[in-house]
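> Can you look at this prediction? I've put the sequence above it.
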Amino acid sequence: MSSLARACNYKVLVPYEPPSWIGPALLPQVPSHRVTLARTNTPIHEWKLATTPAPFSLAIKRDDMTGSTLSGNKVRKLEFLLADAKKKQCTAVITCGGLQSNHCRATAIAARELGMDSYLFLRSPTNDPNSIKFDGNLLLDRMVGAKIFLVPLKASQARDLQPRMDRLTRELKDRCHVTAYPIPIGGSNLVGFWGYVEAFRELLNQGVPDDYTDLVFACGSGGTASGLSVANQLTGNRLGVHAVAVCDDKNYFYGHVNETLRGLGLLNEYKAEDILDVIDGYKGRGYGLSTDEELDFVSSVSKTTGILLDPTYTGKAAFGMINEMRLRPERFRGKKVLFIHTGGVFGLFDGRQIFPKDRHGIKTWFDLDNIPEID
Ligand SMILES: Cc1ncc(COP(=O)(O)O)c(C=O)c1O
């Protein structure tokens, strides 16, 4: 380990000290180590989104700034998952997601930075590798040498993906003498859970329960929701915690969080339905698919506030949040809302976010007498 790496603790396996509010009952669950991958504390600032209905006020926590190519909410979970992989002497990781999965991209980059190979099972609309366009997250997966297997869009995690991930783990062991560490979709298990417990410690250090009434964020596999809602309970339930579902539905996510509570031995004390508000109704055309209204929202947010949302997660979550503030303001605990930007910017590069030719406003230098308006 170089003295420089040790000095900044970056990418180094270090013993993990949980927050003081993790009681004795939970201590057996606490990971022994973590690697520091995320750039923290991520900033919190006012977000002047013109469509925010009065009397709500809005601020944003920039977990899109946990890093550059290695950024977003997944980096926080990977600090614990990859520490576990390292401790178990694994030299490769296996995980799965969509073709433009932020989780897979972050896993592949972090694994490579830590000297591990990555194997990704990616759900794809085509099973013809030659027709795949390497853009957005997929380009970054390739740049760090991830080995990719395409799987059908409808492949179920339990029935189709898990057995294949298990088989690859065995094959790597038997044929290549490689010990691989399997990571479930979104990194949302009892190890990744600690990433958003730690994020909650950061929110406390930043004074969030004193300054805000509610947290809102995108929910894709439920890990961010589990970490934040459980930590909020363990620290006195001072905030409303709202997870906007961008896939599946609230029953699925309450089920996931209850499983986490069961795994932690907390199910007798808490129920997901009581500690978390899953906001349904904003997955639109489905996971990874967008409506024109959603895409217009994403581009109007960037044009008016400079904040780049992504079409799959944060765009839908912010769109849902603003709508719920208008339609069902009573579901929020108060009026001071903190939106957690969970990253995903590379999803913007998949070609979906197009500007119609008549509205893109681009001229040539011969048109200086006709200055384009900013729309
Ligand atoms: C940018 C972004 N935001 C939010 C989420 C959802 O987080 P979670 O899987 O913890 O529910 C994801 C998951 O992939 C993501 O990539």
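Perfect, I can see it now.
> So which bits of the stretch 151-300 of the chain are right by the ligand?
The stretch 151-300 of the chain has residues 186, 188, 218, 219, 220, 221, 222, 223, 224, 225 near the ligand, with proximity defined as C-beta under 6 Å from any ligand atom. Placement of C-beta: from N, CA and C, glycine included.
> what about 8 Å?
185-188, 192, 196, 217-227, 243, 246, 253 (C-beta under 8 Å from any ligand atom).
> Counting only helices, which of those residues make the cut?
Using DSSP state H, the subset of those located in helices is 196, 223, 224, 225, 226, 227, 253.
> and of these, the nearest to residue 173?
Nearest to residue 173 among those: residue 223, at 26.8 Å, using C-beta to C-beta.
> So what's the residue count around the closest residue to that closest one other than its chain neighbours?
Excluding the flanking residues, the one nearest residue 223 by C-beta to C-beta, 6 or more residues apart in numbering is residue 188, at 3.1 Å. A count of nearby residues for residue 188, using other C-beta atoms under 10 Å, gives 28.
> and residue 188, what does it touch?
Listed by C-beta atoms under 8 Å, 6 or more residues apart in numbering, the contact set of residue 188 reads 77, 221, 222, 223, 226, 256.
> so what's the backbone phi/psi at it?
Residue 188 has phi and psi values of phi -100, psi 80 when expressed as degrees, to the nearest 10.
> likewise residue 98?
According to degrees, to the nearest 10, residue 98 has phi -80, psi 170.
> swap in residue 58?
Main-chain torsions, residue 58, degrees, to the nearest 10: phi -130, psi 140.
> What count of nearby residues applies to the residue of the stretch 1-150 of the chain found nearest the ligand?
Relative to the ligand, the nearest point of the stretch 1-150 of the chain is residue 102 (3.3 Å; C-beta to the nearest ligand atom). By the criterion of other C-beta under 10 Å, residue 102 has 28 neighbours.
> those strands in the stretch 101-250 of the chain, which residues are they?
For the stretch 101-250 of the chain, the strands defined by DSSP state E, counting those that start in this stretch occupy 117-124, 147-152, 180-182, 214-219, 240-245.
> would you list these in CSV and tack on mean neighbour count and mean pLDDT?
Formatted as CSV, the strands of the stretch 101-250 of the chain follow (neighbours: other C-beta atoms under 10 Å; pLDDT from 0 to 100):
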stretch, mean neighbour count, mean pLDDT
strand 117-124, 23, 97
strand 147-152, 16, 96
strand 180-182, 21, 98
strand 214-219, 26, 99
strand 240-245, 24, 99
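> among these, which is nearest residue 36?
Checking the strands of the stretch 101-250 of the chain against residue 36 by C-beta to C-beta gives strand 180-182 as the closest, at 18.4 Å.
> Can you spell out which helices and strands pack onto that closest one?
Here strand 180-182 touches helix 74-87, strand 92-98, helix 162-176, going by 3 or more C-beta pairs under 8 Å, 6 or more residues apart in numbering; DSSP states H and E.
> gap between the first one and the chain center?
Okay, so that is helix 74-87. 14 Å (C-alpha atoms, centre = their mean, to the nearest Å).
> Buried residues of that helix, list them for me.
Of the residues in helix 74-87, 74-86 count as buried by neighbour count, 16 or more other C-beta atoms under 10 Å.
> And for the last one?
The neighbour-count criterion (16+ other C-beta under 10 Å) identifies 162, 165, 168, 169, 172 as the buried residues of helix 162-176.
> ditto for the second one
Residues of strand 92-98 classed as buried by neighbour count (16+ other C-beta under 10 Å): 92, 93, 94, 95, 96, 97, 98.
> do you know how far the second one is from residue 138?
Look at residue 93 and residue 138: by C-beta to C-beta, to the nearest Å, they are 17 Å apart.
> Low-confidence ranges, the chain, go.
1-9, 355-361, 372-375 (pLDDT under 70).
> Show me the domain layout of it.
Recorded structural domains for the chain (assignment: automatic domain parsing) are 3-72+189-349, 74-187.
> Adding distance to residue 367, write those out as TSV.
Formatted as TSV, the domains of the chain follow (distance: least, C-beta to C-beta, whole Å):
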stretch	distance to residue 367
domain 3-72+189-349	21
domain 74-187	30
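> All the helices of the chain, in order from the start?
3-8, 74-87, 102-113, 136-143, 162-176, 193-205, 208-211, 223-234, 250-264, 272-275, 292-305, 314-327.
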